[in-house]
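Chemist: What would the 3D arrangement of this be:
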Amino acid sequence: MHFEHRNLTWMLLFLAGDFCKTWKAEYQQKHICAVKGSSIVIQCLFYHPGNLLAESVMWGHIKPGHLKGRLVYSSSLRKATTRFQYIGDKHRNCSLKIHQVKHHDAGKYIIRFDNKISRWSGDVGSSIRVVDLKVLETKTNGNRTMKEGDSVNLTCINSCDGGDPSSAFIWFKNGEPISEGPVFYLRNISSTNSGNYTCSLKTHKETTSGIINTDAEYAPKNTVISVRPSTEVDSGSNITLICSSHANPPVEDYTWFKATVDDDIVAVGYQPVFFSSESGQYFCSVSNKHGSQNSSVVTLKIQFWATFTRHIIIITAVAAVAVLLTVANVAVRRLNKQRTRAPKTNCEEDTQNTDYVNWLTCDNSQSQEENQYEGGTTEPVYALVRLHNKRKSNMQQQQQQQQLDSHNDEDVIYSTVCGNQLLNPSQIECL
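Modeler: Numbering: from 1, shown residues only. The predicted model follows:
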């Protein structure tokens, strides 16, 4: 029994020794430099005994300065990886591809094989260094602030190839491609050239360099005045004047000027916005550390006579309306009084309810005696007098009419009036 156990031990040692002697991995590049954002391939070839096959392949990563590593790929794991891709097989090729390399991907990569008997790990792997693309800015005016009219050269540097100018680069301004080549030239720059510039490898646009901001400074220009609401307003209204200009750095000082009647120029304000209620000619002046500029002149008109005329028209209209209202009020009051004193009556219905009185009109030149004895010479005047206010029914009116007919006018009394004197009925002769 002891003999059998001893023979098994020697057999395993022999197989393990044979496994270690025959398994081998070769890396074509021991040191690899990668630009951040690019994709690289760790090329690998392996050898194994003919009677032993690799059932699984694994890749491990050890960061610089660390003793323990992490597993980045395993053929026995069904979980798919996004950036680490095994592009080899289980017979000869053991290459590994890394997509969109990051800075923390730097370090040493080692392959390991497993079978039913034992596992083998390569003691020598490939080391990866990750760098950024850099942009070198060269100004023609030295290190001074860049102004309009200056020139600048931008050079894209890939430190992996030692800054080889033959590398294929592409340039971007504010994220949009604008040129190709290792160097980008800006001649006689202006405000239109200001922006953020980057470069990348033409084959890997994800390898974006750091940002270089080109900002050309210049004196104020395109200085204008905007007027609200208009250059012509009525008196009592304010006009708002706004001074604006393009400048880099922004405008530091604002000054408003007004032309006087003596053709003098006086300063009237020191803010971007100016409020005016007087007619005249105005302009603004702006400045920064590179220079100054004046705007064009605007003329303001405050219309006093138009306002006065409008006020007169309004006052006249109000007065006319007041007079009309007063006249209408008086007319209504008089009409109401007339209706109260003289109510409307139906004359056709009330003629049956009246008595007749004879009034004699006498000549004032005659004496009272002549009026008494010469009554035949006077002409009687009859007046209709209403004696009843309330109307009677048709039946009452018919009864009254019958009574009047039965008397045959015997109840009618006539009186003669001469001037203002009423005669005694005994002195009147009945007809």
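
Chemist: Tally up the residues packed near the closest residue to C199 other than its chain neighbours, please.
Modeler: Excluding the flanking residues, the one nearest C199 by Cβ to Cβ, 6 or more residues apart in numbering is C156, at 3.5 Å. Yep, even glycine has a C-beta here, placed from its N, CA and C like the rest. Close neighbours of C156, defined as other Cβ atoms under 10 Å, add up to 25.

Chemist: host element of the closest residue to W59 other than its chain neighbours?
Modeler: Spatial nearest neighbour of W59, excluding adjacent residues (Cβ to Cβ, 6+ apart): Y73 at 4.2 Å. In this structure, Y73 sits in strand 70-74 according to DSSP states H and E.

Chemist: for that strand, packing partners?
Modeler: strand 56-62, strand 84-86 (3 or more Cβ pairs under 8 Å, 6 or more residues apart in numbering; DSSP states H and E).

Chemist: Deepest-packed of the ones you listed, please.
Modeler: strand 56-62 (a mean of 19; mean count of other Cβ atoms under 10 Å).

Chemist: contacts for that one?
Modeler: Residues from elsewhere that reach strand 56-62 (Cβ atoms under 8 Å, 6 or more residues apart in numbering): 68-76, 84, 86, 88, 90, 94, 96, 105, 107-114.

Chemist: Could you rerun that using 10 Å?
Modeler: For strand 56-62, the external contacting residues (Cβ atoms under 10 Å, 6 or more residues apart in numbering) are 42, 44, 46, 68-77, 81, 84, 86, 88-90, 94, 96, 98, 104-115, 119, 121-122, 125, 127-128.

Chemist: and V323, that's in a helix?
Modeler: Yes: residue state for V323 (DSSP: H, G, I helix; E, B strand; the rest coil) corresponds to a helix.

Chemist: closest to E180 out of the helices and strands packed on strand 70-74?
Modeler: strand 84-86 (29.3 Å; Cβ to Cβ).

Chemist: For the closest one, give the mean pLDDT please.
Modeler: Strand 84-86 shows a mean pLDDT of 92.

Chemist: And for stretch 317-326?
Modeler: 80.

Chemist: what does stretch 46-53 give?
Modeler: 72.

Chemist: How about stretch 176-187?
Modeler: Mean predicted confidence for stretch 176-187 is 93.

Chemist: ok, back up a step: output the helices and strands packed on strand 70-74 as a markdown table; include the columns distance to V183.
Modeler: Below are the helices and strands packed on strand 70-74 laid out as a markdown table (distance: least, Cβ to Cβ, whole Å):
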| stretch | distance to V183 |
| --- | --- |
| strand 56-62 | 36 |
| strand 84-86 | 35 |
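
Chemist: Which among those strands is found nearest to S276?
Modeler: strand 84-86 (72.1 Å).

Chemist: Name every strand pairing with that closest one and say which way it goes.
Modeler: Paired with strand 84-86 in the same sheet, following DSSP bridges, are strand 96-98 (antiparallel).

Chemist: could you point out which element follows the strand it pairs with?
Modeler: According to DSSP H and E, the helix or strand after strand 96-98 is strand 107-114.

Chemist: the inter-axis angle of that following strand versus strand 56-62?
Modeler: On the basis of axes from the mean of the first three to the mean of the last three Cα atoms, to 10 degrees, strand 107-114 is oriented at 160 degrees to strand 56-62.

Chemist: all helices for the chain, in order.
Modeler: 2-22, 304-341, 347-350, 368-373, 394-407 (DSSP state H).

Chemist: Now do the shortest one, average pLDDT.
Modeler: Right, helix 347-350. 44.

Chemist: list the buried ones in the strand holding Y73?
Modeler: Going by neighbour count (16 or more other Cβ atoms under 10 Å), the buried part of strand 70-74 is 72-74.

Chemist: if we take these, which one ends up nearest to L201?
Modeler: V72 (23.7 Å).

Chemist: Read off the pLDDT value for that closest one.
Modeler: Reading off the model, V72 has pLDDT 91.

Chemist: try M1
Modeler: Per the predicted model, pLDDT is 43 at M1.

Chemist: now Q403
Modeler: 54.

Chemist: Relative to F184, which of the helices and strands packed on strand 70-74 is closest?
Modeler: strand 84-86 (34.2 Å).

Chemist: Show me what that closest one is in contact with.
Modeler: Counting by Cβ under 10 Å, 6+ apart, 39, 41, 44, 57-59, 61, 71-75, 93-99, 105, 109, 111 sit against strand 84-86.

Chemist: Give the PyMOL command for selecting the buried subset of the contacts of strand 56-62.
Modeler: Only the buried entries of these go into this PyMOL selection, using 16+ other Cβ under 10 Å:
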select buried, resi 42+44+46+69+72+73+74+75+84+86+88+94+96+98+105+106+107+108+109+110+111+112+113+114+115+122+125+127+128
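
Chemist: now for the helices and strands packed on strand 70-74, which one comes closest to A247?
Modeler: Closest among the helices and strands packed on strand 70-74, using Cβ to Cβ: strand 84-86, at 52.8 Å.

Chemist: Any idea what N153 is bridged to?
Modeler: T138, Y185.

Chemist: Tally up the residues packed near it, please.
Modeler: Neighbours around N153, by other Cβ under 10 Å: 14.

Chemist: Right, I'll call it a day here.
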